[in-house]
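A.B. asks: Have a look; sequence and predicted model below, questions after that.
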Amino acid sequence: MQRVAARTDPGKKRQHNEDAMAAMPEQGIYVVADGVGGRAAGEVAAAICVDAFRAAASTIAERVSNFNAGPTLEARNSVLLAMDDACQTASRRIYETAETEGKAGMTTTLVAAVFASGTAFLCHVGDSRAYLVRQQALHQLTEDHSMVNELVRSGKMTLVEARASRHRHVITRAVGLYPTVQPSLAAVDLVAGDRFVLCSDGLSDVVTDDIIAARGSLESLDAGAEGLLQAALDKGGPDNVTIILIDPSGAEPLDEAASRAKLLETLFLFKDMPYAQRLQVSRIMQEHYFAPGDELIAAGSSERRMYIMLEGEVRVERDNLELATLTAGEHFGELSLIDHGPRSATIRACEFGSAVSVGAEDLESFVKEEPVLGGELLWKLLNVMGQRLRRTNERLASVQGGVR
């Protein structure tokens, strides 16, 4: 079971707290919701959102149990789907309540975390945040669904300008604005000593990253949570402040997880991509382990999946002839993501190793769910295909020149 500490305060300018939270250590489920809407409507929206996750706790816990028994891509996505379902239920109930009770505009942000053996699952809408404190360094695990963040991503605004903008609280996604909502979903591998901070923007807006990292790292969870709350109040406490500080269990040794994370950072798909975006993309990636002689791809198969090597070596064969060898960081099968034709070669392992893959259907779904980030992925793939085509043309030109 995880250790947890939580704190909340309505802020010095408010009569009541429009935040709501739930900590369910037995199921490994934690939720923070920051309500939006006047006349206490935000408080109602946040409470409905948290209640939806409480009602879904047994289903989520069952999916986590299945994941613990066999951490496959399907089991991992099943946990995320259960969190998405809870989010959809919350959005529908908030929307219907706003309609029937005359509280139009009543919505809430959401950040939820579910912990399994060695993995944290995240569901996020709006500008409440999840942070990871690892070895006293802070990593923001969620990207704000806000107007200023979209401007920062497009290069039209700097981070400094975003913090000072009068539009910084304008969110582009909210639970309850419509009967359905598109949350951002992600999964992150746990490392021994990790701490997670779930919070409303009452903390993240006014407290700097270095203070969140320092107080989130304190040995005592209660002291850490109290210190984070006090840091927000010391800055004037202009908004609701809600914090859940979690020390998860079931983490793996630091060296193994850190090594794998470092490998993933070097992949062309993740180049120049912020930590939170890498987490979102990694949820559609499947990990594979292979032994010498194992066949990753068979010539003539119709599997639509791109592979990226993490470690080891494989060879590309056609008609029993070796065409090439591939090692860590290299990739194959990207054309299959857009082409339905059969595979032209066999990929066989030369030694023990591992790879990650992305399937065409998973990529297509991701692009629909996250069009901006999905578009960036497609552009990276197009760039890689363009580079390969250029190299092929150069080789053809060289051969033709030699014939002459």
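C.D. replies: Arrived safely, thanks for sending. Numbering: from 1, shown residues only.

A.B. asks: Please name the residues that touch E334.
C.D. replies: For E334, the contact set (C-beta atoms under 8 Å, 6 or more residues apart in numbering) comprises 306, 381, 384-385. Glycine gets a C-beta too; all of them are placed from N, C-alpha and C.

A.B. asks: Let me see the domain layout of the chain.
C.D. replies: Following automatic domain parsing, the chain resolves into domains at 3-252, 284-403.

A.B. asks: Let me know which of those domains is tucked in deepest.
C.D. replies: domain 3-252 (a mean of 20; mean count of other C-beta atoms under 10 Å).

A.B. asks: Centre of the chain to that one, how far?
C.D. replies: Its chain's C-alpha centre and that of domain 3-252 lie 13 Å apart, by C-alpha atoms, centre = their mean, to the nearest Å.

A.B. asks: returning to what we had before: would you list the domains of the chain in JSON lines and tack on distance to Y275?
C.D. replies: Below are the domains of the chain laid out as JSON lines (distance: least, C-beta to C-beta, whole Å):
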{"stretch": "domain 3-252", "distance to Y275": "5"}
{"stretch": "domain 284-403", "distance to Y275": "13"}
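
A.B. asks: Can you convert those into JSON lines and add a column each for distance to F268 and mean pLDDT?
C.D. replies: Shown next, in JSON lines, are the domains of the chain (distance: least, C-beta to C-beta, whole Å; pLDDT from 0 to 100):
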{"stretch": "domain 3-252", "distance to F268": "20", "mean pLDDT": "87"}
{"stretch": "domain 284-403", "distance to F268": "6", "mean pLDDT": "84"}
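
A.B. asks: So which of those is nearest P274?
C.D. replies: When the domains of the chain are compared by C-beta to C-beta, domain 3-252 sits nearest P274, at 7.1 Å.

A.B. asks: Tell me the helix or strand right after the helix or strand harbouring Y307.
C.D. replies: Using DSSP states H and E, Y307 sits within strand 305-311. Helices and strands here follow DSSP H and E; after strand 305-311, the next one along the chain is strand 314-318.

A.B. asks: sorry, back to before: can you list the strands that the strand holding Y307 pairs with?
C.D. replies: Here strand 305-311 is paired, per DSSP bridges, with strand 331-332 (antiparallel), strand 353-359 (antiparallel).

A.B. asks: and E287, which of those is closest to it?
C.D. replies: strand 353-359 (5.4 Å).

A.B. asks: any idea which helix or strand comes after that closest one?
C.D. replies: Moving toward the C-terminus from strand 353-359, the next helix or strand (DSSP H and E) is helix 360-369.

A.B. asks: hey, C-alpha coordinates of that following helix in CSV?
C.D. replies: Extracted C-alpha coordinates of helix 360-369, given in CSV (Å, rounded to 0.1, in the frame of the first residue of the first chain):
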residue,chain,number,x,y,z
ALA,A,360,-0.9,1.4,-36.9
GLU,A,361,-4.3,1.2,-35.2
ASP,A,362,-2.9,2.5,-31.9
LEU,A,363,-1.2,5.4,-33.8
GLU,A,364,-4.4,6.2,-35.7
SER,A,365,-6.4,6.3,-32.4
PHE,A,366,-3.7,8.5,-30.7
VAL,A,367,-3.7,11.0,-33.6
LYS,A,368,-7.5,11.4,-33.3
GLU,A,369,-7.4,11.7,-29.5
